[in-house]
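# sequence first, then the predicted structure, then my questions.
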Amino acid sequence: MTIQNFALVRNLKLQRDPQDGTDIIPGREDQSHIFQYDDDLLGVMICTETKSAHRWVAARATFLSAGMMIRRERRHGRHGNIPVLWL
């Protein structure tokens, strides 16, 4: 599924990522967003400004219960977690 189809079916707004010019679906908080990973997969990037892991732990549990696979998870300095997950 393409990000354009995903956004259309779910009535979500697409915008251009200022860093690389690709289409993304912006998240509600910070710099989190959904993006096109490859032809078949979408990715979710969670960026939190909080130093607490609570938000990521809760999001991770929700994603796993929805059947998502976590392909990469990394910590990014003082900005907390920036995990990347694929639908």
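Perfect, thanks for sending it.
# now Ala58: which helix or strand?
Per DSSP states H and E, Ala58 falls inside helix 54-65.
# pLDDT (mean, whole number) over that helix?
Confidence over helix 54-65 (mean pLDDT, whole number) is 84.
# tell me the helix or strand right after it.
Next helix or strand after helix 54-65 toward the C-terminus (DSSP H and E): strand 69-72.
# what packs against that following strand?
helix 54-65, strand 84-86 (3 or more CB pairs under 8 Å, 6 or more residues apart in numbering; DSSP states H and E). (Glycine included, C-beta is placed from N, CA and C.)
# pull out the buried residues from the first one.
Okay, so that is helix 54-65. Arg55, Trp56, Ala59, Arg60, Phe63 (16 or more other CB atoms under 10 Å).
# farthest-apart pair in those residues, please.
By the measure CB to CB, Arg55 and Phe63 form the most distant pair in the buried residues of helix 54-65, at 12.4 Å.
# hmm, Ile24 is touching Asp17, no?
Yes. In this structure Ile24 lies within contact range of Asp17 using CB atoms under 8 Å: 4.8 Å.
# in terms of neighbours, single out the busier of these two.
Shown here are Ile24 and Asp17; by other CB atoms under 10 Å, Ile24 has more neighbours (23 against 13).
# how far away is the more buried one from Val44?
Counting by CB to CB, to the nearest Å, the gap from Ile24 to Val44 is 10 Å.
# one more: Trp56?
Using CB to CB, we find Trp56 at a distance of 12 Å from Val44.
# over to Ile34?
Counting by CB to CB, the gap from Ile34 to Val44 is 5 Å.
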